[in-house]
Structure formats: C-alpha cells, structure tokens
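Asker: Fold the following for me, if possible:
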Amino acid sequence: MEDIVIVQDLYVSYHGNEAVKNLSFSTKAGQIVGIIGPNGAGKSTLLKSLLNLIPRDKGQIKIAGKPIHEMRKKIAYVPQRSNIDWDFPITVIDTVVIGTYPNLGLFKRPKKREREWAYECLQKVGMEEFSQRQIGELSGGQQQRVFVARALAQKAELFFLDEPFVGIDVSSEETIINILREQKNLGKTVLVVHHDLSKANSYFDELLLLNRELVKYGAVAEVCRPDVIKKAYQGQLSFLDEMGMTVS
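Answerer: Numbers count the residues shown, from 1 in each chain. Okay, the predicted model is just below:
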C-alpha cells in the first residue's frame with residue numbers, strides 16, 4: 001500500500017495559540033486511522049489543517065502526492081455535530097444531494113441522477129424514510145447518519161470524520177462504523193478523530209496519538225500500551241482507570 005496522507009514538520013496555531021507542533025507522519029491507503037489524545041491535544045485542529053480549513057504556520061501536507069487544493073474533491077469531511085446549524089431550513093435529501101456538488105461541472109445543478117444517487121446513499125445508512133424531514137427534527141444519531149450519507153454521495157477517496165460517534169445511539173454508531181469498514185474494503189482511506197479507546201482495537205487499523213506533538217503512531221496494540229497512553233494523557237488517571245489500565 002502506498003502512502004496517501006503525508007505530513008511533514010507541521011505547525012498550526014488556533015486563535016493565536018500553538019495547537020500542533022513538529023508533527024510528521026504518513027498514512028497508508030486503505031486504512032481506518034483513529035486520531036486520539038486528551039482534550040486540547042489538537043486533534044480537530046489537525047484534521048482541519050489537513051483540509052486547509054485553517055492555515056498552517058509551517059510544514060507540508062500532501063494527499064496522494066498532491067497539494068490539498070488539487071485533491072479537495074476527493075475528500076469527504078464530516079464535521080463535529082456541534083459545528084452544524086441544525087435550524088437551517090433544509091431537508092434530509094437535499095443535505096445529501098449537496099455531497100454530489102464537488103463532482104458537478106461549474107455552475108451546474110444536481111438533476112434526477114444526482115437525487116437518485118443521494119437517495120441510494122440514504123438507503124445505505126437506513127435513513128431513506130426520513131428524506132423529507134428537516135435535519136433539525138432528527139435525533140443525534142440520525143443526523144450523523146445523514147452526514148455520512150452526504151459523504152458517501154461525494155464518491156470520495158478519503159473520508160475525514162471529526163468525533164462522529166459523540167452523542168449518538170448504539171445502532172447509529174454500528175451503522176456508521178460498518179459503512180466506514182465497507183469504504184476501507186473498497187480501498188478508501190478513513191481518518192477519524194475519536195476519544196473512546198475501549199473500542200479502538202475493533203474500530204481502527206492504526207492510531208495516531210497526539211498531544212500537540214506526535215506521541216505515537218502505529219498499530220493499535222503498539223499505541224494503546226499503558227506507558228504510551230500515560231505519556232500522552234499526563235496523569236489523567238481516571239481516564240486510564242476507565243480503560244482498565246494500570247500504570248506503575
């Protein structure tokens with residue numbers, strides 16, 4: 001497998017504070033990678049900088065050997081639910097249709113074919129019966145399924161998800177992780193900002209453990225060692241206890 005995401009010497013500031021520093025790593029294609037770390041570690045900042053949604057102070061980011069602006073159409077992004085205006089007057093189906101826009105020509109509007117494809121994507125996440133609902137009328141898990149459907153509608157090669165499992169029901173979480181596994185099996189690459197390490201072994205192929213700087217990147221078993229986790233979480237013993245870890 002080739003390296004598809006390559007980050008070299010990345011520094012990023014957010015609201016005037018250094019959020020990520022001296023970060024270098026590379027990710028193989030066809031993997032599901034979890035981005036983990038304590039609160040304030042720079043996880044979401046890293047994801048946004050990979051997408052060029054926030055500027056970097058220095059460093060290089062290449063996606064499939066190209067700069068991000070050349071690959072943007074190939075990357076689907078699912079933001080944190082807290083960053084979405086759920087009062088916006090848009091239906092579920094129209095939300096998913098938006099995912100088809102990157103593949104339309106300039107000034108072209110989606111037509112019947114795009115709407116049919118959007119409906120298929122809703123079926124994949126089990127949300128077709130809610131297609132005419134306003135997105136704010138849905139539960140948290142249903143909302144997240146809709147945004148995963150929007151990502152699928154883009155026919156992307158890479159999927160970047162920021163805390164997709166926060167505040168959702170178990171059924172929706174299972175639906176979403178199964179969709180991500182399907183994309184992996186199709187050779188797609190998935191990066192997920194995540195916080196629940198109890199599920200890391202079943203969800204991810206590799207983990208990137210971050211606390212502003214890179215603490216460890218590699219297979220789940222290598223990263224989820226107590227000594228490595230303790231280094232990143234710096235004395236958050238209650239967190240380690242929740243994971244069933246004992247650290248001397």
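Asker: Could you tell me how many residues sit around Leu122?
Answerer: Neighbours of Leu122 under the rule other CB atoms under 10 Å: 24. Using the backbone N, CA and C atoms, a C-beta is placed for each residue, glycine as well.
Asker: Now do the contacts for it.
Answerer: When contacts are counted by CB atoms under 8 Å, 6 or more residues apart in numbering, Leu122 touches 92-93, 96, 128, 130-131, 146, 149.
Asker: From these, keep the buried residues only.
Answerer: Listed as buried from those are 92-93, 96, 130-131, 146, 149; burial here means 16 or more other CB atoms under 10 Å.
Asker: so of those residues, which ones are in helices?
Answerer: 92-93, 96, 146, 149 (DSSP state H).
Asker: Helices of the protein, residue ranges please.
Answerer: Ranges of helices in the chain, per DSSP H, are 43-50, 68-71, 92-97, 112-124, 140-153, 170-185, 200-203, 220-223, 226-233, 237-242.
Asker: average pLDDT for the fourth one?
Answerer: When pLDDT is averaged over helix 112-124, the result is 95.
Asker: okay, the angle between that helix and helix 170-185?
Answerer: Between helix 112-124 and helix 170-185, the angle comes out at 120 degrees (axes from the mean of the first three to the mean of the last three CA atoms, to 10 degrees).
Asker: Give me the buried positions along stretch 156-171.
Answerer: Across stretch 156-171, burial judged by 16+ other CB under 10 Å covers 156-166, 168.
Asker: same thing with stretch 127-144?
Answerer: Neighbour-count burial for stretch 127-144, counted by 16+ other CB under 10 Å, picks out 127, 130-131, 133-135, 138, 141-144.
Asker: would you turn these into a markdown table with distance to Glu116 and pLDDT?
Answerer: Below are the buried residues of stretch 127-144 laid out as a markdown table (distance: CB to CB, whole Å; pLDDT from 0 to 100):
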| residue | distance to Glu116 | pLDDT |
| --- | --- | --- |
| Met127 | 15 | 96 |
| Phe130 | 17 | 97 |
| Ser131 | 12 | 96 |
| Arg133 | 19 | 96 |
| Gln134 | 21 | 96 |
| Ile135 | 20 | 94 |
| Leu138 | 22 | 95 |
| Gly141 | 25 | 96 |
| Gln142 | 21 | 96 |
| Gln143 | 23 | 96 |
| Gln144 | 23 | 96 |
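Asker: of those, closest to Lys48?
Answerer: Gln144 (18.4 Å; CB to CB).
Asker: Surely that closest one and Ile168 touch.
Answerer: Yes. Using CB atoms under 8 Å, Gln144 makes contact with Ile168 at a distance of 5.2 Å.
Asker: what residues do the two have in common as contacts?
Answerer: By CB under 8 Å, 6+ apart, the residues touching both Gln144 and Ile168 are Ile176.
Asker: so what's the residue most central in space within the chain up against?
Answerer: A centroid search over the chain (CA atoms, centre = their mean) returns Leu161, at 1.6 Å, as the residue closest to the centre. Neighbour list for Leu161: 77-78, 148, 151, 180, 190-193 [criterion: CB under 8 Å, 6+ apart].
Asker: What's the PyMOL syntax to select whichever of those residues are buried?
Answerer: Applied in PyMOL, the following selects the buried portion of the contacts of Leu161 according to 16+ other CB under 10 Å:
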select buried, resi 77+78+148+151+180+190+191+192+193
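Asker: Cheers, nothing more for now.
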